[in-house]
Every structure is written in C-alpha cells, then in structure tokens.
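Give me a 3D structure for the following:
(one chain, ligands or ions: 2)
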Amino acid sequence: MLLLLPLLSLLSILSLGSAYSTLSDDTLNGLPSPGDEFDIKQGKILAPILQERVSGTPGSTAVLQHFVDFFKTNLPKWTLEFHNSSSTTPTSNGKKIPFINLIATRDPPNTGVGEVGRLTLVAHYDSKLTPKGFIGATDSAAPCAMLLHAARTLDAALTKKWESSDGLDELDEVKGVQILLLDGEEAFHSWTDTDSLYGSRALAADWETSFHPAMSTYRNPLDSISLFVLLDLLGASGPRVPSYFKTTHWAYKHMAALEHRLRELGQFKSSPNHPKKLAKRQNKKERDEPQFLHEADKGDNGFLGGFVQDDHVPFMARGVEILHIIPTPFPKVWHEIEDDAEHLDMDTVEDWTRLVTAFAGEWMELEGFFDFKKDKRKEYREKTEL
Ligand SMILES: *[C@@H]1O[C@H](CO)[C@@H](O)[C@H](O)[C@H]1NC(C)=O
Ligand SMILES: [Zn+2]
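Ligands and ions are numbered 1, 2, ... in the order given. Next up, the predicted model:
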C-alpha cells in the first residue's frame, strides 16, 4: 500500500494538465515598456507595420521582411518558418494570390519534434483592401507589434530557465512558445467562408496532416498547441473583452487576474487611476477602475452568446483550445479609414503588451528567471558604445 503513494501523486501531477504559476509583484513591476519602439512614426517595432499590407502586394512583403529582420536581429534563438499557400479571390480575376504565414518558435533545447506543447500567440498582419488607403492599426498592426515585443521580453528569461538545473524537471511538461503572424485574414470583397481566413485555413488544414513521428506526445502541430491566444482589434481605448469559450475560461480568468494586479500596481497606463494621472488631478479621488477582461466572474451558464469569426475558426474546428482576445463591441474605427496610427491609444497598446507578456510569463513559469536590471545595463552599454 505504501508503494502506491508515490505512484498516485505522480499520476495526479500528470493529470493536472498545464502547470501555470504566478509572477511576483517585483517581476510585474519590472516588465519593460515598449517606449520609443512603439512610436508610430519612428518606432523600430510598430512604425514599419503601419502601412498598407494587402496580401500579395509589396507592402505585405515589406512587413513580412520586417518581422523576419526583427527575429533574426533580436531573437536568433527562435526558429522561423514560412507557411505558403495561394488562392484566387473574388477580386483577383482568376489570378492566384500568395498567402504567407510566418511561424516563429522557441522550444526548450534538446527536445524532439512532437514532444513540445506550445503556447501559441497569434495575430494577422494583412490589411484590408478597402477602403482605399486602409492601414488597420488595430486590425492588426498593433497586435503584431505587441507579440514582437512580448517575444523579446520573454526570450532571455526562457534561456535562463532552460539553462538552470531546475528549469527542466523530468515531470514537467515540455513547454515552448510559438508566434503565428498570419496572412489573408481579411475578406477581399465581403466576408464568406471562402473569402476570408485564407492563411489560417491553409495552415490549420496542413498542420492537421503533418504527423509527428509515431509515439510522439503530440500527434501533429495542431495537437502541440496547448492554447491558441488570438489577439485582434486591439489598440483603441476602453476595450471590453468578454470570455467567449467555456473550455478556456480558466485561462481567461488567469489573464483577468493579472490585469487586476497590474492595475493595482499602477502598471496600467490607460487606467484613470494611474499614479501619473492621479498626481495631475486636483481632485485626488480614485475613479471607477475599468477592466478590459471584465467577465472573470461569468458562470458556466453564461456562455450562450455568439462568437466572432476570426483566424481561430479553422483551428477550433479541429479541436484546438482558443482564448480569443477581441473586444465586443469592436473599436469605433473598425474597417474605417480612421483605423490609422493617429487613432491608436498608445497607453492601451502598451497595457495590452504588458498584460500579454505577463500572461505568457506565467504560462511558461518564468518567475525568478527575469533579470531586468541586467538587461537595462546591457541596453545602456550598447547605447553608449555606439
Ligand atoms: C515562401 O515564401 C517566402 C516569402 O516570400 C519565400 O522566401 C519562400 O521561398 C517560400 N517558400 C516556398 C517553399 O515556396
Ligand atoms: Zn479586419
């Protein structure tokens, strides 16, 4: 009977599913701001995305190249892959348009394909053909920028975790991170099942039949996705993001709890009670604190409402677990020419970046592996050496 005990506890650990562990206040306070890099005119990360980038056009190629350059320069440990497909569209006069998804992956060292479960962070980078000159700042230039910045913040901590002896416990699930920058989300004429989601439909279909070696933990790359976190239409002020799916409400609650903590810590720049705003206000009374993720308390019976058609659909149809971070209602500028750089609320963009980064940090169990002070010193050294 005694022998059974360790066995039982082993089983219960394995059956817990994804481990998740909270970040400390110090870590949350230390998460770096995008600062200059999100400047809409000069910012190294965001500005190059803020251009027309309709699938198959030179703008799309330029933005894709920007992503590749960003990873190659800043994140050499990430593996980059293109996923290419092509399709005619209602406006292409029978011509095939190329759709190119970019997949950036960071797995723990010495892990086989098929052994790693990945937190998958997703946004689409194409912009809509109409109205003429449409930039799609919230749709989804800003979400792409958030993901690049998050990847860079997580990178050094992942290295440190995987180099440390306690970073890779045998009982641990083997966890990696993946970023999908998808092409062809927008309809060319009007949204239908075939005129939309060009890149994600092709990717989900291909991944379904890309089998990992027999006996792998995960059957194919779809099965390797532990959670598909899709960001869309983010960057306008005052977003309200419901919890769309019962099966991932637990993950939504984790993100909502982080948002609450970041607000309490004064780390949410868009908050009406941010220390800088309070200092400027004559009347120092705190205002009602908003919450982007406002449905943490939703009960099991609350999941009746509709959901939004987006890049997760082809993945969800194949059984992938989805956390959809998209506001309802959509931003006022949605699919209007006004969805441009000038209409972004940069405090909100920054807050989303911090929140998504923190969520990924908790998912990847990175507490204790961030070293912001050292990073800052390094940055300073690099700047002064130039
Ligand atoms: C996919 O597209 C990329 C970017 O245009 C290109 O560099 C690459 O060669 C293509 N891959 C294949 C297999 O066609
Ligand atoms: Zn759109």
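
CA atoms for contacts and neighbours, from now on please.
Will do.

Could you check how far residue 133 is from residue 336?
For residue 133, the distance to residue 336 equals 10 Å [CA to CA, to the nearest Å].

contacting residues for the residue of the stretch 251-386 of the chain found nearest ligand 1?
Nearest residue of the stretch 251-386 of the chain to ligand 1, counting by CA to the nearest ligand atom: residue 311, 19.8 Å away. Contact analysis of residue 311 by CA atoms under 8 Å, 6 or more residues apart in numbering lists 124, 185, 197, 200, 201, 230.

And for residue 237?
Applying CA under 8 Å, 6+ apart, the residues near residue 237 are 270, 344, 345, 348.

Which of these fall within helices?
Using DSSP state H, residue 348 are the members of the contacts of residue 237 that sit in helices.

Show me which pair in the contacts of residue 237 is furthest apart.
Farthest-apart pair in these is 270 and 344; separation 12.1 Å (CA to CA).

all strands for the chain, in order.
79-87, 97-106, 117-124, 175-182, 225-231, 322-325 (DSSP state E).

Show the pLDDT at residue 283.
What the model reports for residue 283 is a pLDDT of 84.

Can you report how many residues neighbour it?
Counted with other CA atoms under 10 Å, residues neighbouring residue 283 total 8.

what about residue 193, neighbour count?
Using other CA under 10 Å: residue 193 sits among 11 other residues.

ok and the longest helix along the chain relative to strand 97-106, angle-wise?
Taking DSSP H as the criterion, the chain has its longest helix at helix 142-163. Interaxial angle of helix 142-163 relative to strand 97-106 (axes from the mean of the first three to the mean of the last three CA atoms, to 10 degrees): 30 degrees.

Quick one: name the residues of the stretch 101-250 of the chain near ligand 1.
Where proximity means CA under 6 Å from any ligand atom, the stretch 101-250 of the chain presents no interface facing ligand 1.

low pLDDT regions in this structure?
The chain contains residues with pLDDT under 70 at 1-18, 165-172, 374-386.

where exactly do the helices run in it?
So, for the chain - with DSSP H - the helices run 4-14, 25-30, 58-74, 142-163, 198-208, 249-264, 275-280, 313-316, 346-363, 372-385.

Distance to residue 113 and mean neighbour count for these - can I get that in CSV?
Below are these laid out as CSV (distance: least, CA to CA, whole Å; neighbours: other CA atoms under 10 Å):
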stretch, distance to residue 113, mean neighbour count
helix 4-14, 20, 11
helix 25-30, 31, 15
helix 58-74, 21, 17
helix 142-163, 17, 22
helix 198-208, 13, 20
helix 249-264, 26, 20
helix 275-280, 47, 13
helix 313-316, 20, 18
helix 346-363, 20, 23
helix 372-385, 31, 11
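
would CSV of these with distance to residue 81 be doable?
Output for the helices of the chain, formatted as CSV (distance: least, CA to CA, whole Å):
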stretch, distance to residue 81
helix 4-14, 31
helix 25-30, 31
helix 58-74, 10
helix 142-163, 16
helix 198-208, 12
helix 249-264, 28
helix 275-280, 42
helix 313-316, 19
helix 346-363, 21
helix 372-385, 28
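
can you tell which of those is closest to residue 324?
So among the helices of the chain, helix 249-264 is nearest, using CA to CA, at 9.0 Å.

rewinding a little: from the contacts of residue 237, keep the buried residues only.
Neighbour-count burial (16 or more other CA atoms under 10 Å) is assigned, among the contacts of residue 237, to 270, 344, 345, 348.

Is it correct that the third one is in contact with residue 234?
No: using CA atoms under 8 Å, residue 345 is not in contact with residue 234, being 9.5 Å away.

how many neighbours does whichever residue of the stretch 51-200 of the chain sits closest to ligand 1 have?
Going by CA to the nearest ligand atom, ligand 1 is nearest to residue 84 of the stretch 51-200 of the chain, at 5.0 Å. Per other CA under 10 Å, the neighbour tally for residue 84 reads 14.

give the contact list for the residue nearest to it when sequence neighbours are not counted.
Among residues not flanking residue 84 along the chain, residue 100 sits closest, at 4.6 Å (CA to CA, 6 or more residues apart in numbering). Shown in contact with residue 100 (CA under 8 Å, 6+ apart): 82, 83, 84, 85, 182, 183, 199.

7 Å - rerun?
82, 83, 84, 85, 183, 199 (CA atoms under 7 Å, 6 or more residues apart in numbering).

Check residue 78 too.
Counted by CA under 7 Å, 6+ apart, residue 78 has contacts 104, 105, 106.

Bridge partners for the most centrally placed residue in the chain, pull those for me.
Nearest residue to the geometric centre of the chain (CA atoms, centre = their mean): residue 121, 3.5 Å. Under DSSP bridges, the beta-bridge partners of residue 121 are residue 179, residue 229.
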